[in-house]
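Engineer: Sequence below, structure please.
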Amino acid sequence: NFIKGAMVKDDFSLYHCYRNGDASINGLIDDYAFLLKASIDLYEATLDSDYLKFGKNVCHKMINLFWDNTKGSFYATPIGSVDVIVRQKNLLDGAIPSGNSVALYGMVNIGQYFNDSSILDKSNKLSLQLGEMAKKFPINLTQFLSNHYSLLSENLQIVILNKNKEPNLDDELIDYIVNFRHLNKSIFYISSEYHKNIYMDILSTYDFIPELTDKLQIFICKDYSCQMPVSSLDEIKKVLNKQDNFKSQRFAEGGSKDLGDIQLFANNEEYFLSLIHISEPTRPERIGDGGFCVEKKNGGGGGGGGGG
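Structural biologist: Below you'll find the predicted structure:
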């Protein structure tokens, strides 16, 4: 609420600094990218559609002010800046991920939530440019690589219809859906016609949202085409685990301090990930990002990977 009230203008442009009651200096790409990510994370943690709507507005303002239509990436400073000689770009991830890498996360999620082809096209352009750099310097683009993988993942929508009941995040079923690990997942919680209309106002595609009934119904949709509804936790687990063809496991179970290799299964192929770099090598419980080497079990192919 402080950021919305003090650091965000009426047109959703941002300030960079706040001191002694005054906000000043136009926001940079990092300010927009991280606020966008925070909005998406808050929405998925609370299922409050106001956060999603706010994130959409921040995303569009970020694109309008920072996007380079020629090369397909974001400048560090907004268009019209008079106090810079050359508009530079920060593309590499350091101890703090770059604004471009975090912006990719935001655009992929907003693009998928709102089925916005324009934003998704820009996500692909940004991913292509950073991907060329990642071929040479994967260790310097770990956050990008993590977000890039979500761009390649299958798009999944989960619609929860629960009439006259606000989301209870302590409920075992809701908690399972919110925390289900799928890199490209969109959740829509509808408890009334009012909330349904909110989604209809902000979504470009809403035909996939079913009519609200008196009983709990959960629809699992792939590319906005929904299956028959389910209502129990066991049914949800069965459907989601069938949809999600990606599995991983650690070789050794040693808690957060165990940094052993990881075994992955994707599309019936078996891979091994070996850790080659982490941001906090002496404090594993506070790792922010990491780099991995990926290798198929049969030895065919290898390359850089990412953490997050």
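
Engineer: Show the contacting residues for Lys185.
Structural biologist: Contacts of Lys185 were listed using Cβ atoms under 8 Å, 6 or more residues apart in numbering, and they are Leu156, Gln157, Ile158. For the C-beta atoms, the positions are set from N, CA and C on the backbone; glycine is no exception.

Engineer: let's go with 6 Å and repeat that
Structural biologist: Residues in contact with Lys185 (Cβ atoms under 6 Å, 6 or more residues apart in numbering) are Leu156.

Engineer: just Phe114 next, same as before
Structural biologist: Residues in contact with Phe114 (Cβ under 6 Å, 6+ apart) are Leu203, Ser204.

Engineer: Roughly how far does the closest residue to Asn140 other than its chain neighbours sit from Leu145?
Structural biologist: The shortest distance from Asn140 to any non-neighbouring residue, by Cβ to Cβ, 6 or more residues apart in numbering, is to Leu92 (4.4 Å). Using Cβ to Cβ, to the nearest Å, Leu92 is found at 12 Å from Leu145.

Engineer: and these two? which has more neighbours close in?
Structural biologist: Between Leu92 and Leu145, counted using other Cβ atoms under 10 Å, Leu145 has the larger neighbour count: 25 against 19.

Engineer: and the more buried one, what helix or strand is that in?
Structural biologist: Per DSSP states H and E, Leu145 falls inside helix 142-152.

Engineer: buried stuff in that helix?
Structural biologist: By 16 or more other Cβ atoms under 10 Å, the buried positions in helix 142-152 come out as Thr142, Gln143, Phe144, Leu145, Ser146, Asn147, His148, Tyr149, Ser150, Leu151.

Engineer: tell me which of those is nearest to Ile218?
Structural biologist: Ile218 has its nearest neighbour among the buried residues of helix 142-152 in Ser150, at 22.4 Å by Cβ to Cβ.

Engineer: Could you pull up the contacting residues of that closest one?
Structural biologist: With contact taken as Cβ under 6 Å, 6+ apart, Ser150 is in contact with Val108, Leu183, Asn184.

Engineer: want to throw these into JSON lines with secondary structure and distance to Met7?
Structural biologist: Listed next are the contacts of Ser150 as JSON lines, based on DSSP: H, G, I helix; E, B strand; the rest coil; distance: Cβ to Cβ, whole Å:
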{"residue": "Val108", "secondary structure": "helix", "distance to Met7": "24"}
{"residue": "Leu183", "secondary structure": "coil", "distance to Met7": "30"}
{"residue": "Asn184", "secondary structure": "coil", "distance to Met7": "30"}
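
Engineer: And those, which is closest to Glu235?
Structural biologist: Nearest to Glu235 among the contacts of Ser150: Asn184, at 21.8 Å, using Cβ to Cβ.

Engineer: For that closest one, which non-adjacent residue is spatially closest?
Structural biologist: Of all residues not flanking Asn184 in the chain, Ser153 sits nearest, at 4.0 Å (Cβ to Cβ, 6+ apart).

Engineer: Which stretches in the stretch 101-250 of the chain count as strands?
Structural biologist: Ranges of strands within the stretch 101-250 of the chain are 156-161, 185-190, 217-222, 225-226, 246-250, based on DSSP state E, counting those that start in this stretch.

Engineer: Looking at those strands, which is nearest to Leu240?
Structural biologist: Closest to Leu240 of the strands of the stretch 101-250 of the chain, according to Cβ to Cβ: strand 217-222, at 6.7 Å.

Engineer: What separation is there between the residue nearest to Asn140 and Phe66?
Structural biologist: Leu92 sits 17 Å away from Phe66, going by Cβ to Cβ.

Engineer: Let me know the pLDDT of Phe74.
Structural biologist: At Phe74, the model reports a pLDDT of 95.

Engineer: Also the one 4 residues further on?
Structural biologist: Looking at Pro78, its pLDDT reads 92.

Engineer: would you say it is within a strand?
Structural biologist: No: under DSSP: H, G, I helix; E, B strand; the rest coil, Pro78 sits outside any strand and is assigned coil.

Engineer: Phi and psi next, for the nearest residue to it once chain neighbours are set aside.
Structural biologist: Excluding the flanking residues, the one nearest Pro78 by Cβ to Cβ, 6+ apart is Leu65, at 4.0 Å. Backbone torsions for Leu65, taken as degrees, to the nearest 10, come to phi -90, psi -30.

Engineer: Also the one 3 residues further on?
Structural biologist: The main-chain torsion angles of Asp68 are listed as degrees, to the nearest 10 and equal phi -100, psi 100.

Engineer: Let's see the helix holding Leu145 as PDB, backbone CA atoms only.
Structural biologist: Provided in PDB are the C-alpha atoms of helix 142-152 (Å, rounded to 0.1, in the frame of the first residue of the first chain):
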ATOM      1  CA  THR A 142      20.900 -17.700 -14.500                       C
ATOM      2  CA  GLN A 143      17.700 -15.800 -13.700                       C
ATOM      3  CA  PHE A 144      17.000 -15.400 -17.400                       C
ATOM      4  CA  LEU A 145      17.500 -19.100 -18.000                       C
ATOM      5  CA  SER A 146      15.100 -20.000 -15.200                       C
ATOM      6  CA  ASN A 147      12.400 -17.600 -16.600                       C
ATOM      7  CA  HIS A 148      13.100 -18.700 -20.200                       C
ATOM      8  CA  TYR A 149      12.200 -22.300 -19.300                       C
ATOM      9  CA  SER A 150       8.800 -21.100 -18.100                       C
ATOM     10  CA  LEU A 151       8.200 -19.600 -21.600                       C
ATOM     11  CA  LEU A 152       8.800 -23.000 -23.100                       C
END
